[in-house]
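Q: I would like the atomic coordinates for the input below:
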Amino acid sequence: MKRRNFSLAASAAAASALTLGTSASWAQAAAPKEGKDYVKLAKPAQVSAPAGKVEVIEFFWYNCPHCNAFEPQFAAWKNAAPADVVVHRVPVAFNASFVPQQKLYYTLEGMNLVNTMHAKVFHAIHVERINLSKEDQIFDWMGKQGVDMAKFKEMFGSFSVANQVRKATQLQQEYDLEGVPALGVAGRYYTDGTKAGNMTNVLRVVDQLIASSRKA
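A: Numbering: from 1, shown residues only. Predicted structure coming up:
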């Protein structure tokens, strides 16, 4: 989904902006090409991974249908990532209406609930058709999931979560994010489904960029 089409009202129309089909350019699993399959950032983005590790970031939005479709594939890739690869999810915000869902993700992360609740959020929005765009809607739904709501609300409104939201917005600017889902590698490379052709190819590109980053 492309950045210029981001709005809650237009999310369905924007869904066609990111190609998830087959790409002929990857028919032979060719080496990815800079400027075509990925871009190298003119100015490196911040990284939080320690020395000797390669950081991979998935930029996503809970309301994005492409992010929902990609989540199982990305989760499997993340779980199989080598020990020297540090993977982070970063919820995006292209306008203020996205912030409650940013705070939702970082609250889940702060409460160690990502593994159990992250996929459920996608399912609630895209399968059950539950609107989780506003704080009161998020609180109402989370209260039905058996979560300690006193702790959830405390974390949701905490300085820690607010700081993570600020860093997430800064990071998406540093990567010059064009849409979601998208991935950043080592603070130096950016790719998405439009560039690589589809999200399976994106992961192939990322694998090779990880290898290149190790050599660097």
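Q: Now do the helices in this structure.
A: Assigned by DSSP state H, the helices in the chain fall at 11-14, 65-79, 99-110, 114-126, 135-143, 149-156, 159-174, 193-196, 199-215.
Q: Dump these into JSON lines; add mean pLDDT, mean neighbour count and distance to Glu34 as well.
A: No exception for glycine: its C-beta is placed from N, CA and C like everyone else's. As requested, the helices of the chain are exported to JSON lines (pLDDT from 0 to 100; neighbours: other C-beta atoms under 10 Å; distance: least, C-beta to C-beta, whole Å):
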{"stretch": "helix 11-14", "mean pLDDT": "38", "mean neighbour count": "14", "distance to Glu34": "27"}
{"stretch": "helix 65-79", "mean pLDDT": "97", "mean neighbour count": "18", "distance to Glu34": "22"}
{"stretch": "helix 99-110", "mean pLDDT": "98", "mean neighbour count": "22", "distance to Glu34": "30"}
{"stretch": "helix 114-126", "mean pLDDT": "98", "mean neighbour count": "17", "distance to Glu34": "32"}
{"stretch": "helix 135-143", "mean pLDDT": "98", "mean neighbour count": "16", "distance to Glu34": "40"}
{"stretch": "helix 149-156", "mean pLDDT": "98", "mean neighbour count": "16", "distance to Glu34": "40"}
{"stretch": "helix 159-174", "mean pLDDT": "97", "mean neighbour count": "16", "distance to Glu34": "18"}
{"stretch": "helix 193-196", "mean pLDDT": "94", "mean neighbour count": "22", "distance to Glu34": "10"}
{"stretch": "helix 199-215", "mean pLDDT": "94", "mean neighbour count": "19", "distance to Glu34": "10"}
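Q: Serialize those helices to CSV and add fields for distance to Lys36.
A: Listed next are the helices of the chain as CSV, based on distance: least, C-beta to C-beta, whole Å:
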stretch, distance to Lys36
helix 11-14, 23
helix 65-79, 20
helix 99-110, 31
helix 114-126, 30
helix 135-143, 39
helix 149-156, 41
helix 159-174, 22
helix 193-196, 7
helix 199-215, 10
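Q: Pro44: which of these is closest?
A: Comparison of the helices of the chain against Pro44 by C-beta to C-beta identifies helix 159-174 as nearest, at 8.2 Å.
Q: Put the alpha carbons of the closest one into PDB.
A: Output in PDB follows, covering the C-alpha atoms of helix 159-174 (Å, rounded to 0.1, in the frame of the first residue of the first chain):
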ATOM      1  CA  PHE A 159       6.300   7.500  28.400                       C
ATOM      2  CA  SER A 160       8.000   4.400  27.200                       C
ATOM      3  CA  VAL A 161       5.400   3.700  24.600                       C
ATOM      4  CA  ALA A 162       5.200   7.400  23.500                       C
ATOM      5  CA  ASN A 163       9.000   7.400  23.100                       C
ATOM      6  CA  GLN A 164       8.800   4.200  20.900                       C
ATOM      7  CA  VAL A 165       6.100   5.800  18.800                       C
ATOM      8  CA  ARG A 166       8.400   8.800  18.300                       C
ATOM      9  CA  LYS A 167      11.300   6.600  17.300                       C
ATOM     10  CA  ALA A 168       9.100   4.600  14.900                       C
ATOM     11  CA  THR A 169       8.000   7.800  13.100                       C
ATOM     12  CA  GLN A 170      11.600   9.000  12.900                       C
ATOM     13  CA  LEU A 171      12.700   5.600  11.500                       C
ATOM     14  CA  GLN A 172      10.100   5.500   8.800                       C
ATOM     15  CA  GLN A 173      11.300   9.000   7.800                       C
ATOM     16  CA  GLU A 174      14.900   7.900   7.700                       C
END
